[in-house]
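Q: Kindly return the folded structure for what I paste below:
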Amino acid sequence: MMKAEKTHRLRAQLLDWYDAQGRSLPWRIRPEDRAAGRKADPYAVWLSEIMLQQTTVPHATPYWFRFLELWPTVHDLANADREAVMREWAGLGYYARARNLHACAKVVSHDRQGVFPHSLSDLQALPGIGEYTANAIRAAAFDLPASVVDGNVERVITRLKRVQEALPKAKAEIKALAGLIADPDRSCDYAQAIMDLGATVCTPKTPNCLLCPWASDCEARREGDILLYPKKEKKKPKPVRRGTAWLVRRDGHVWLRTRPDQGLLGGMREVPSTPWQEEVQSEVLPPFEALWRGHGEIKHVFTHFELRLDVREAYAMIDWEPEDGDWVAETALAEEALPSVMRKVLKQASLKAK
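A: Numbers count the residues shown, from 1 in each chain. Below is the predicted model of the structure:
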């Protein structure tokens, strides 16, 4: 248990550093903004937090601006066509987030008159909002007491206190330690500050301890083993799944279909393929008899497995129609909600998509 005096000192040191060195982000309200009378927009904060769940700030920022340009309010997003939302999300990955984003906007717009809740329980009841995101929104949008613990914060805390247990088992201990230090009076600034510290100073491989406001209290720095933290359980090799992508063309059009809402890449558009399986399929039957041209193999790494797709292309006869999906003009491929793996498939066959 940390002494109260040390806790207060850590808070003060971090907030002083943040006041001078914290990042200025378009959705963020900094102390000087608050002094000028600016208030956070919960919709804009929520949008940023959903995008940043599995994405870096530089990658997410253009998407954030684009979404606000297309749908300035939560009502606009709720009333948007889901396919349009999925299309604009393409490239951010983890597409269940886009489906939940749209579903959450509908709940806030229709059931809450466009007003985001500020209690943790009400926030976590919304689609796509877990404990971390609820705390982040509560702090950043409403300046209410909250302790945010993402990957950056885990790294900072495990180094500060030299947490010996490996992740993910250490999460409960890290959460408890982070909660002890979290400032209840400047919640918004503290939450942003500790995330900034991990993102810009206490980085995974090249931490800049000379710039760290907590350097004098960092136990890992004192022991000289800072790069050992956070400790992680040894990762198992990712399994490899394989399949065949059938790129069918006709009269300047390509056959695409929409994946089921449930499951990987749910609701996204795809070049039809065989099931993705670890077992090598002895016989692969194409959608129809034709002279299929091979374009080689593409590789794509998902969170839990590596996918290798054999890309094959053929031209369909005028009287052949797919049982599911539809024909999309090659010139309109950029407008489709295609995930990265499907863009790789098209690129392999010298077709361009967004």
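
Q: Phi, psi for the spatially most central residue of the chain please.
A: Nearest to the geometric centre of the chain sits Q54, at 2.5 Å (C-alpha atoms, centre = their mean). Main-chain dihedrals, Q54, degrees, to the nearest 10: phi -130, psi 30.

Q: got the contact list for it?
A: Counting by C-beta atoms under 8 Å, 6 or more residues apart in numbering, Q54 touches 92-94, 97. Bear in mind the C-beta positions are built from the backbone N, C-alpha and C, glycine included.

Q: Just flag the most distant two among those.
A: G93 and R97 (8.2 Å; C-beta to C-beta).

Q: Okay, domains of this protein per the record?
A: Using automatic domain parsing, the domains assigned to the chain come out as 4-228, 240-348.

Q: rank these by pLDDT, which is bottom?
A: Lowest mean pLDDT of these: domain 240-348, a mean of 91.

Q: hey, C-alpha coordinates of stretch 40-57 in CSV?
A: The C-alpha coordinates for stretch 40-57 follow below in CSV (Å, rounded to 0.1, in the frame of the first residue of the first chain):
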residue,chain,number,x,y,z
ALA,A,40,-15.6,18.4,-24.0
ASP,A,41,-18.1,17.0,-26.5
PRO,A,42,-19.1,13.5,-25.2
TYR,A,43,-19.9,12.4,-28.8
ALA,A,44,-16.5,13.3,-30.1
VAL,A,45,-14.8,11.8,-27.1
TRP,A,46,-16.7,8.5,-27.4
LEU,A,47,-15.9,8.4,-31.1
SER,A,48,-12.2,8.8,-30.4
GLU,A,49,-12.1,6.2,-27.7
ILE,A,50,-13.8,3.6,-29.8
MET,A,51,-11.4,4.2,-32.7
LEU,A,52,-8.4,4.2,-30.3
GLN,A,53,-9.3,0.8,-28.7
GLN,A,54,-7.0,-1.0,-31.1
THR,A,55,-5.4,1.8,-33.1
THR,A,56,-2.8,4.4,-32.7
VAL,A,57,-3.5,8.2,-32.5
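
Q: please begin residue numbering at 759 from this point
A: With the count now opening at 759, the last piece we talked about shows up as stretch 798-815.

Q: list the buried ones in it?
A: Residues of stretch 798-815 classed as buried: 798-811, 813, 815 (neighbour count, 16 or more other C-beta atoms under 10 Å).

Q: Sort out which of these are in helices and list them.
A: With helices taken from DSSP state H, the overlap with those comprises 800-809, 815.

Q: Make TSV out of those and add distance to W785.
A: Listed next are these as TSV, based on distance: C-beta to C-beta, whole Å:
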residue	distance to W785
P800	10
Y801	10
A802	5
V803	6
W804	9
L805	7
S806	4
E807	9
I808	11
M809	10
V815	10
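
Q: nearest to Y776, of the residues you listed?
A: Set against Y776, the nearest of these by C-beta to C-beta is V815 (15.6 Å).

Q: Which residue, other than its chain neighbours, is closest to the closest one?
A: L783 (6.7 Å; C-beta to C-beta, 6 or more residues apart in numbering).

Q: cool, and G1010?
A: Closest to G1010 by C-beta to C-beta, 6+ apart is E1088, at 5.4 Å.

Q: Does that neighbour touch S1108 like I think?
A: No: assessed by C-beta atoms under 8 Å, E1088 is found out of contact with S1108, at 10.6 Å.

Q: the more surrounded of those two?
A: Neighbours per residue (other C-beta atoms under 10 Å) separate E1088 from S1108, with E1088 holding more: 15 against 8.

Q: which residues does that one contact?
A: E1088 touches 1007, 1010-1012, 1109, counting by C-beta under 8 Å, 6+ apart.

Q: hmm, back to that, tell me which residues touch the residue nearest to V815, please.
A: With C-beta under 8 Å, 6+ apart, L783 has these contacts: 806, 815, 819.

Q: Could you report the separation of the first one from M1026?
A: I take that to be S806. Using C-beta to C-beta, to the nearest Å, S806 is found at 22 Å from M1026.

Q: of the contacts of Q812, closest to L878?
A: R855 (19.8 Å).

Q: How about the strand or helix carrying that closest one, which residues are buried there?
A: Using DSSP states H and E, R855 sits in helix 854-864. Across helix 854-864, burial judged by 16+ other C-beta under 10 Å covers 854-860, 862-864.

Q: what does stretch 1038-1052 give?
A: If you call a residue buried by 16+ other C-beta under 10 Å, then stretch 1038-1052 has these buried ones: 1048, 1050.

Q: Over to stretch 1095-1102?
A: 1095-1097, 1099-1102.

Q: hey, C-alpha coordinates of that stretch in PDB?
A: The C-alpha coordinates for stretch 1095-1102 follow below in PDB (Å, rounded to 0.1, in the frame of the first residue of the first chain):
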ATOM      1  CA  ALA A1095     -16.500  -1.700 -47.100                       C
ATOM      2  CA  LEU A1096     -13.600  -4.000 -47.900                       C
ATOM      3  CA  PRO A1097     -11.300  -5.100 -45.000                       C
ATOM      4  CA  SER A1098      -7.500  -5.000 -45.500                       C
ATOM      5  CA  VAL A1099      -7.300  -8.700 -46.300                       C
ATOM      6  CA  MET A1100      -9.700  -8.300 -49.200                       C
ATOM      7  CA  ARG A1101      -7.900  -5.300 -50.500                       C
ATOM      8  CA  LYS A1102      -4.800  -7.500 -50.600                       C
END
